[in-house]
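Chemist: model the following, please.
(2 chains)
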Amino acid sequence: MVEELWVEKYRPRSLDEIVDQEEIVKRLKEFVKQKNMPHLLFAGPPGTGKTTAALALAHDLYGDYWRDNTLELNASDERGIDVIRSRIKDYARTLPLGDVPFKLVILDEADNMTGDAQQALRRTMELFSKNTRFILIANYASKIIEPIQSRCAVFRFQPLPKGDAFSRLKWIAKNEGITVDEQALEAIWEESQGDLRKAINTLQAASAISKNVTEEVVYAALGRVKPREVKEMIESALRGDIIGARDKLRVLLYNYGLSGIDIIRYIHREVLSQKSIKLDEATLADLLVLVAEANYRIVEGSDDEIQLMALLSKLAVLANKSKKG
Amino acid sequence: MSTSEPRLEVPWAEKYRPSKIAEVVNNEDAKKKYVAWINAWLRGKPQKKAALLYGPPGSGKTSIVHATAREFNWELIELNASDVRSREALRQRVSGALDTGSVFGYQGKIILLDEVDGISTREDAGGLQAILELIEKTRWPIVLTANDPWDPKLRTLRDACELIEFKKIGKRDVVKVLESICQKEKIECPKEVLSAIADNSKGDLRAAINDLQSIALGKKTLSIADLQVLGDRAEQENMFEIVRTVLTAKSPEQALSVTRLPSLDYEMLLQWLSENIPYQYEQSLQAIADAYNALSWADIMLSRMKREQQWSLLSYALELMTAGVSSSRERPPFKFVKYSFPEKIRILARQKEKFEEYRKVVREASSRLHVSTSKFRTEVQPYLQVILEEDEEEGKMILRSLGIPENKINVVFKTEEKAHS
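Modeler: Sure thing, here's the model as predicted:
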């Protein structure tokens, strides 16, 4: 038996296999039928099927030739806009195979490009618009410059509803011959929310610990996946040790390579659990507002360390008041 | 996004480090004292088991230790301030080496703790305490270096060390070193260029060599025109003053005054402030929180400005990061702080190199999973690690399906060793 990662093994290959995002899938199928489409921008949180939908669309458009007609790029890994441009140029030079009159460029993590790079991308899109179509993929549409947005049909992917995520996980469990109980699913959901990639990875890691996946098994797996520095960082901040908190934050950001958003999600969960962060001077609602505000600022700003330090130092002030109060 | 960089070369400042103590430039008094201390070690009974070499950057403190190791064929155990963050970290790195004998091929050991003034004022005192313990226990010579040894917090450390002062390198000697490097690198360079580099370095030999290397990149003959690429070394000094003006301003106007400097690099200022706010406002959490809040908004305004080409936002961003930062509702009493270069920039530069190696190995796996290599690292790898630990066979099969060969597994999971220890 060939083992592989379940996220890949169970990735839908064609649009018909995608069970969620019905409205989006319906419109994508229409493009396949017409053999025509505008540039697309897929925006939405991680693990909601953006890349899967783009690949499935390519598959349905070109059938067996989809690989020859699709250029997959990841903005985070290409060395600068010049490289992206020249790869697109080389690729767009040849004609599409088959009966679809254009080739496809899938550019993932496009919101990681700087404003300048996006301007250059926009010119590239125009230059090759005769025989290529772009699918840009981003977590935040707001991080894509206006002129590009206006050239694309924007599709907003929603986090998966709990029920759909559960049935997908159960289906995978059945195929893999493992058992997973309802509390275990709840525990996976608590961590992953609508992020199916995270949910499936968690299930697979848990099943490596025990084929009988229970709540305890899930927590055991999660405990090993989550960096312990998250907790230490929060504890330092609550103790008023700002520099200690920053050291931990820097480990998370630069050694683990987590994004500010990843870290704010961890903090969010700590706040909600009401275990490590419990303060006399702040209600749960106060804390949630602080975290939500920080989340917003991380998206709007560009320096994750500064934004998270702003949050951690506010928590330190509240904790200090609570101690005295 | 970064563009590709020129070919990496060994820094000349490393390549041409002296290999004998006698070759260390200048500082004859310091050398005499140092050699006496080393000789005491060789005879087995030094009065002080550690030496603290202090003096300005690029005066030869680190070089003399490297030279010692080479001259006597000793193993050099080198730690930077950032490694000495905590007792635990220090123990992990050095203690093992302390008790054991010397490694095969070496005739002894020497331990170098670079830039100890970097740790003293800010990190937990545990680090300093650990150094003291280390000095007490050691069977091998320990050398500490510092730019400024007179920090009150270093007092106990000073008492435990032989103090040896290094002075700036004279201009003539800087030029001599540069000349000999040019000769070895087969570079033609008029004397007035070397003289200008030496002037600009203000007695910092390392800076002078770095400058020479950067203007000589890819060239065989140099002229005075090449000097233009060198930034003024005074710029950094300038940044210290700007940060001090902002963080200790008595009025918003005073803080704002730095925004009128024609050459102000505000992106850099943002980083400098972020680095130093916790140190300057150490005594007041409220002041730190308020200052960071202002920086947070400055960052947001700068991002919006660039994203939406709203240049009018710049003045708000500048006001927020200066007057906004300094006008916290609680102001701790003034204290003198030696400001630090933004650690974040240093860490990122270091991580970048490390990540490149990792990226090569997981590139194939990432593309099979349709994620970026950095997503692979954060979203996939931790789960793979659990699987691999629980069921090695299955884990290896999965890695193979991702195009990661067995002999590269170490490379992939090494970068995370800190994470899952």
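
Chemist: going forward, measure contacts between C-alpha atoms and count neighbours the same way
Modeler: OK.

Chemist: tell me where the model's unsure across the stretch 51-200 of chain A.
Modeler: Along the stretch 51-200 of chain A, no part satisfies pLDDT under 70.

Chemist: what's the nearest residue to residue B:56 once chain neighbours are set aside in contact with, if anything?
Modeler: Sequence neighbours aside, residue B:147 is the residue nearest to residue B:56 in space, at 5.2 Å (criterion: Cα to Cα, 6 or more residues apart in numbering or on different chains). Neighbour list for residue B:147: B:54-57, B:115, B:117 [criterion: Cα atoms under 8 Å, 6 or more residues apart in numbering or on different chains].

Chemist: which of those residues ranks first by neighbour count?
Modeler: For these, the largest number of neighbours (other Cα atoms under 10 Å in any protein chain shown) sits with residue B:54, at 25 neighbours.

Chemist: now the contacts of residue B:147 in a markdown table, with pLDDT, distance to residue B:167 and secondary structure?
Modeler: A markdown table is the format used below for these (pLDDT from 0 to 100; distance: Cα to Cα, whole Å; DSSP: H, G, I helix; E, B strand; the rest coil):
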| residue | pLDDT | distance to residue B:167 | secondary structure |
| --- | --- | --- | --- |
| B:54 | 92 | 8 | strand |
| B:55 | 89 | 6 | coil |
| B:56 | 85 | 7 | coil |
| B:57 | 82 | 9 | coil |
| B:115 | 76 | 16 | coil |
| B:117 | 72 | 17 | helix |
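
Chemist: between the residues you listed, which is nearest residue A:109?
Modeler: Relative to residue A:109, the closest of these is residue B:115; by Cα to Cα it sits at 40.0 Å.

Chemist: and which of the contacts of residue B:147 is nearest to chain A?
Modeler: residue B:117 (16.5 Å; Cα to the nearest Cα).

Chemist: what is the neighbour count of the one residue in the stretch 151-300 of chain B that gets nearest to chain A?
Modeler: Closest contact between the stretch 151-300 of chain B and chain A, by Cα to the nearest Cα, is at residue B:300 (4.0 Å). Residue B:300: 21 surrounding residues under other Cα under 10 Å.

Chemist: what about the closest residue to it other than its chain neighbours, neighbour count?
Modeler: Residue nearest to residue B:300 in three dimensions, not counting chain neighbours: residue A:301, with 4.0 Å by Cα to Cα, 6+ apart. For residue A:301, the neighbour count with other Cα under 10 Å is 20.

Chemist: residue A:301 touches residue B:306, doesn't it?
Modeler: No: using Cα atoms under 8 Å, residue A:301 makes no contact with residue B:306, being 10.6 Å away.

Chemist: remind me which residues of the stretch 151-300 of chain B are low pLDDT?
Modeler: B:228-237.

Chemist: tell me which parts of it are close to chain A?
Modeler: B:274, B:278, B:285-286, B:288-289, B:292-293, B:295-296, B:299-300 (Cα under 8 Å from any Cα of the partner chain).

Chemist: wasn't residue B:19 part of a helix?
Modeler: No: using DSSP: H, G, I helix; E, B strand; the rest coil, the secondary structure at residue B:19 is coil, not a helix.

Chemist: which helix or which strand is home to the residue nearest the centre of chain B?
Modeler: When Cα atoms, centre = their mean is applied to chain B, the residue found nearest the centroid is residue B:346 (6.0 Å). Using DSSP states H and E, residue B:346 maps to helix B:343-368.

Chemist: so which elements touch that helix?
Modeler: Packed against helix B:343-368 by the contact rule (3 or more Cα pairs under 8 Å, 6 or more residues apart in numbering or on different chains; DSSP states H and E) you find helix B:373-375, helix B:409-414.

Chemist: could you dump these to CSV with mean pLDDT and distance to residue A:194?
Modeler: As requested, the helices and strands packed on helix B:343-368 are exported to CSV (pLDDT from 0 to 100; distance: least, Cα to Cα, whole Å):
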stretch, mean pLDDT, distance to residue A:194
helix B:373-375, 88, 17
helix B:409-414, 77, 28
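
Chemist: pipe the ones you listed into a markdown table and attach mean neighbour count and distance to chain A per row.
Modeler: As requested, the helices and strands packed on helix B:343-368 are exported to a markdown table (neighbours: other Cα atoms under 10 Å in any protein chain shown; distance: least, Cα to the nearest Cα, whole Å):
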| stretch | mean neighbour count | distance to chain A |
| --- | --- | --- |
| helix B:373-375 | 22 | 7 |
| helix B:409-414 | 15 | 12 |
